[in-house]
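>>> coords please:
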Amino acid sequence: MTAVQPTAVAPSAELEQLVAEADVGGRKPSGLAAGLLSTVAIGWSLFQLWYASPLPFVVGFGILNDTEARAIHLGIALFLAFAAYPAFASSRRDRIGPVDWALAVAGAFAGAYLFLFYRELAARPGQPTTLDLVTAGAGVLLLLEATRRSLGLPMVMVACTFLAYTFAGPWMPDVIAHKGASLTKALQHQWLTTEGVFGIALGVSTSFVFLFVLFGTLLDKAGAGNWMMQISIALLGHLRGGPAKVAVVSSALNGVVSGSSVSNVVSGGIFTIPLMKRTGLSGVKAGAIEAASSINGQIMPPVMGAAAFLMVEYVGIPYADIVKHAALPAIASYVALLYIVHLEALKIGSKPIPRESFPFRTRLLRNGLGLTGSILVLCLAYWGVLGAQAVFGAAAGWVLAAVGAGLYVAAIAFAAPMPDLAVDDPNTPILKLPRAWDVTRTGLDFLIPIFVLLWCLMAEQMSPGLSAFWATLSIMLILATRRPLLALFRKRPVAEEARGALADLLKGLALGARNMIGIAIATATAGIVVGTVTLTGLGLMMTEFVEFVSAGNVILMLVLIAAVSLVLGMGIPTTANYILVATLMAPVVVELGSQAGLAIPLIAVHLFVFYFGIMADITPPVGLAAFAAAAISREDPIKTGLQGALYSLRTAILPFVFIFNPTILLIGVDGWGHLAVVIFVSMAAILLFSAATMNYFATRSRLWESAVLLVACFALFRPDWFIDRFHPSTVDRPASEFLGKVAAAPADHRLVFAVEGTTIEGEDVRKTLSLPLGEPKATPQERLRDAGLSVSALGDQVTIGPVSFGSYAKRIGLETGQTIAAVIEPAPGRPSPGFVYVPALLLAGLIYLLQLRRRPALA
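Purely as a prediction, here's the structure:
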């Protein structure tokens, strides 16, 4: 059979330039300049690997604290930004001018200033010298110029607006007025401390975002992206609307490799979009499907977009928990898009791509063996690692590394007899699909680094940085040895392949660093906004402002925040958008929601902001993913964006769902039975929503039928809304039971309670909050301390004591001196959600049966 590759259609020079300008900089110098640019980029990757690894602590050399590492990170990023990104659209791309070299060196010095003079600065805190202030001022200006080049003018305008607000506080409207700050204080706060540019966002970029980006780049360089595309084609190409379904699944898989919507569109779209057009889809719809599936790559665990890693710091929970909470919404969104694609195929009567035919019994046996074999391999891997740890103890790591190396060599030997995946032109009249197993066996070794990453993150509970280090190290070894090993098993010359593999590794290290330039600059510039918030107290003022605009209505407040995210996302990347909106608005949602009696989990708020930041990549008029897809399909980008936004409504509705129904985030799910119900109901609801928005279920829907489907969808997503009409949802227990409830709560239970206190304006406020409790401890006080909370009980009154800075308790708005008003529990005798689920499903089934009667026969 002929295999298919996404490289069948070479991207045009215009398309390649679009990707380069968006992701790595459009400059491609030659000669010495190219060598220096690559050397610095490779050096950056190696530095990040060294910093994330345990080696500095093993050898006792090169140990850096967070501030020093952030300074080196930003210094290199600024150097590369001026070297890789031309100043203007008319600037030459084949050389780096003397002005750019001067700016690159100056940016490197200013960025690395905290590292170069760390001891001197530590010896005189709060007493900046003239050199300190001049460097800080120049650093801010250089950062803004680097931002303009790599991210565009809108991000610069946002940063400048906040800088202006720092000094214009006394002249602002009363609701956002402050006393202002001097130039010295502002420069010191923004550049010479870790409150501004060198704050949490840049710290996360330094600690582990870089390595995740490098991991994805190296995995793609090794051929994993193409392999995932091929598997998608082999498994789904024969279905009705197969090429469109390939675009969806391959984009989900590519989300493991790439965190960029644009590169995701281009890497898969150059193949899938022409194929979709061949099956009858219009160019606009083909481009929209590719763009809609590509932007969702950033919400697909385990390796989500760079902004997801920031949640580790902003929410204060392990990355493994973020993956767990984000998994079901992401899967539901992709399943819904597959369904949308299927409905589009039904509308146009799309024909499947022919494949090799087998008898039904043979096909059933092959599929059954493939499914059971995959499950068996996963179980063996899981229990094998646990067994090795139990038997070998501290030496298990070396044993598992040896076993992994043996499996890797075996996988290469297994792949060697198969020819390299051949290129097939999607413009030819007939396309034969490859066998799934023939494609799968050519890249089984790509699963090893992904397994390493997942195991370190989810099972070993390692930090994201250390997990990414081990995963990146494994893919580096694969990239360096894969080609020579294949040549060895194929009995071909090894030396040439070894040189090619080393060149691929160096190119991957350089490309990974260049992919990080924009992210590093974005996090640093977003630090200016964060620094302004901490310097002026804007965060508290925003709570009052949003409360005034929304009149205390939570839904209106969420709509406003979604709109802000979309507008900001038109001009700034997802990572910076998330930092800005999460810094300003996430505390507002938690505060106003709690005052309205709604205990919103903090992760739900941050995922809400994250989702709408991603949506901006497809929303007109400036959706980069839609522009990239339109460049391939040769269609109007605005029409492509509008159609893609329609397809993406299923993603836009999910954030509102998990704000009011956090069970979709697997919060409050008790046992496997409950989990199965949550998954089934969530999938059914999102599919009904998709059918309603597409105006097609069993056949084309009438308007009233779509309305009924939306009602059924709402009932499945929000059954509590209906039950609340005739039965209370909660009951209040006395505050005196608070410590007893903490002690009796099972592991990972979320305790809901109400607190009362007085604001700084003297207003009495009652808030409803949800606090996650970890493992049971000897005393309830110890258990609360793990969440950053301490309380004192005197009679029936429970008062909140010191709240740890940066803890989860602090993030949800608990303050010293507040009193526990009540412990809130589910009301006894409350009807099961099943009393709503069953009528909703029956209603949807009735619409389906009505439509079946008038559906034309399918070809």
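>>> which stretches of the stretch 201-350 of the chain have low pLDDT?
254-264, 266-268, 270, 279, 303, 305-307, 350 (pLDDT under 70).
>>> helices of that one, residue ranges please.
210-222, 224-236, 242-254, 261-278, 283-295, 306-315, 319-348 (DSSP state H, counting those that start in this stretch).
>>> residues of the last one that come out buried?
Along helix 319-348, the positions that meet the burial threshold by neighbour count (16 or more other CB atoms under 10 Å) are 319-347. Heads up, the C-betas are built off the backbone N, CA and C, glycines and all.
>>> related to what we said a few turns ago, can you tell me which of the helices of the stretch 201-350 of the chain is most buried?
Highest mean neighbour count of these: helix 283-295, a mean of 31 (counted as mean count of other CB atoms under 10 Å).
>>> for that one, packing partners?
On a contact count with 3 or more CB pairs under 8 Å, 6 or more residues apart in numbering; DSSP states H and E, helix 283-295 meets helix 242-254, helix 261-278, helix 319-348, helix 624-633, helix 637-647.
>>> with distance to Leu37 added, can I get these in CSV?
Listed next are those as CSV, based on distance: least, CB to CB, whole Å:
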stretch, distance to Leu37
helix 242-254, 27
helix 261-278, 20
helix 319-348, 32
helix 624-633, 24
helix 637-647, 31
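>>> show the contacting residues for Gln643.
Taking CB atoms under 8 Å, 6 or more residues apart in numbering, we find Gln643 in contact with 284-285, 287-288.
>>> identify the farthest-apart pair in the residues you listed.
For the contacts of Gln643, the maximum inter-member distance is 7.4 Å, found between Lys285 and Gly287 (CB to CB).
>>> tabulate the contacts of Gln643 (a markdown table), appending distance to Tyr113.
Formatted as a markdown table, the contacts of Gln643 follow (distance: CB to CB, whole Å):
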| residue | distance to Tyr113 |
| --- | --- |
| Val284 | 50 |
| Lys285 | 52 |
| Gly287 | 45 |
| Ala288 | 46 |
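>>> which residues touch stretch 327-336?
Residues contacting stretch 327-336 (CB under 8 Å, 6+ apart): 248-249, 252, 293, 296, 299-301, 607, 650-651, 654, 658, 664-666, 678-679, 682-683, 686-687, 689-690.
>>> what do you get if the cut-off is 7 Å, keeping everything else the same?
248, 252, 296, 299-301, 650-651, 654, 658, 664, 666, 679, 682-683, 686-687, 690 (CB atoms under 7 Å, 6 or more residues apart in numbering).
>>> hmm, back to that, redo the helices of the stretch 201-350 of the chain as CSV? Include distance to Glu756.
Compiled in CSV, the helices of the stretch 201-350 of the chain are given as follows (distance: least, CB to CB, whole Å):
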stretch, distance to Glu756
helix 210-222, 43
helix 224-236, 53
helix 242-254, 46
helix 261-278, 45
helix 283-295, 43
helix 306-315, 25
helix 319-348, 29
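>>> of the ones you listed, which approaches Pro839 most closely?
helix 319-348 (21.7 Å).
>>> distance of His749 from Val669?
12 Å (CB to CB, to the nearest Å).
>>> wait, is Arg766 part of a strand?
Yes - counting by DSSP: H, G, I helix; E, B strand; the rest coil, Arg766 is part of a strand.
>>> element containing Ala480?
For Ala480, the host element (DSSP states H and E) is helix 464-489.
>>> just how off-centre is that helix within its chain?
Relative to its parent chain, helix 464-489 has a centroid offset of 24 Å by CA atoms, centre = their mean, to the nearest Å.
>>> buried residues in that helix, which are they?
For helix 464-489, by 16+ other CB under 10 Å, it's 464-488.
>>> so in the chain, where's the weakest helix or strand by average pLDDT?
Ranking every helix and strand in the chain by mean pLDDT, DSSP states H and E puts helix 13-19 at the bottom, with a mean of 57.
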